[in-house]
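Participant: Below is the structure, and that's it, no one-letter string:
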């Protein structure tokens, strides 16, 4: 669903042709998400059929026609619905989370807070799981060797994951604390 959000959000800014949409997505997501042409144009066609976007064909001298897409009121409604649709399944996917965070300006504070809390709950569960793996690694070296060829590298991966999760948890908790009261 993050692809749908990205395309609609780019068109909310102003009308674009396909290449502009791809470049705008790349810039807004700092390269975290890429979009291939097939996905882009199939999605735009689906949105056009649903009345979420309109398409205007601009003729160009010596070049193929350029298709300019514009968001409709229906498209704004869809974008808002997609942004709000963030449950435990989406909280597990980095692209889903960071896409929504990138467009928090389109949501109210309670909706932003809910998205952050969903992600935080997921991360806390991840942290508990990683802690259990650390405990297993400390308690039973033979078990670790039986499931992992190189326990040293497995421990490095666990350490990295622990740090990454801890950093994101800290970032989200700070953000939640800075949010205005509802």
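Facilitator: That came through fine. In this text the structure is predicted, and so the values were computed from the model without any measurement. Numbers count the residues shown, from 1 in each chain.
Participant: tell me the domain ranges of this protein?
Facilitator: Domain segmentation of the chain under automatic domain parsing yields 2-104, 109-178.
Participant: Point out the most buried one among those.
Facilitator: Ranked by mean neighbour count under mean count of other Cβ atoms under 10 Å, these are led by domain 2-104, which reaches a mean of 16. All C-beta atoms are positioned from the backbone trio N, CA, C, and that covers glycine.
Participant: Can you give me the end-to-end span of that domain?
Facilitator: 13 Å (Cα to Cα, to the nearest Å).
Participant: same question, stretch 86-106
Facilitator: Note: stretch 86-106 ends 14 Å apart using Cα to Cα.
Participant: What lies in contact with it?
Facilitator: For stretch 86-106, contacts defined as Cβ atoms under 8 Å, 6 or more residues apart in numbering pick out 1-2, 5-6, 9, 12, 28-29, 32-33, 79-80, 83, 107, 112, 114-115, 118-119, 121-122.
Participant: so of those residues, which ones are in helices?
Facilitator: Of the contacts of stretch 86-106, the ones assigned to helices by DSSP state H are 2, 5-6, 9, 12, 28, 79-80, 83, 112, 114-115, 118-119, 121-122.
Participant: Flag whichever of these scores worst on pLDDT.
Facilitator: Lowest model confidence among the ones in helices among the contacts of stretch 86-106 falls on residue 28, which carries 79.
Participant: Spatially nearest residue to it (excluding sequence neighbours)?
Facilitator: Leaving aside its sequence neighbours, residue 28 sits nearest to residue 102 (Cβ to Cβ, 6 or more residues apart in numbering; 5.8 Å).
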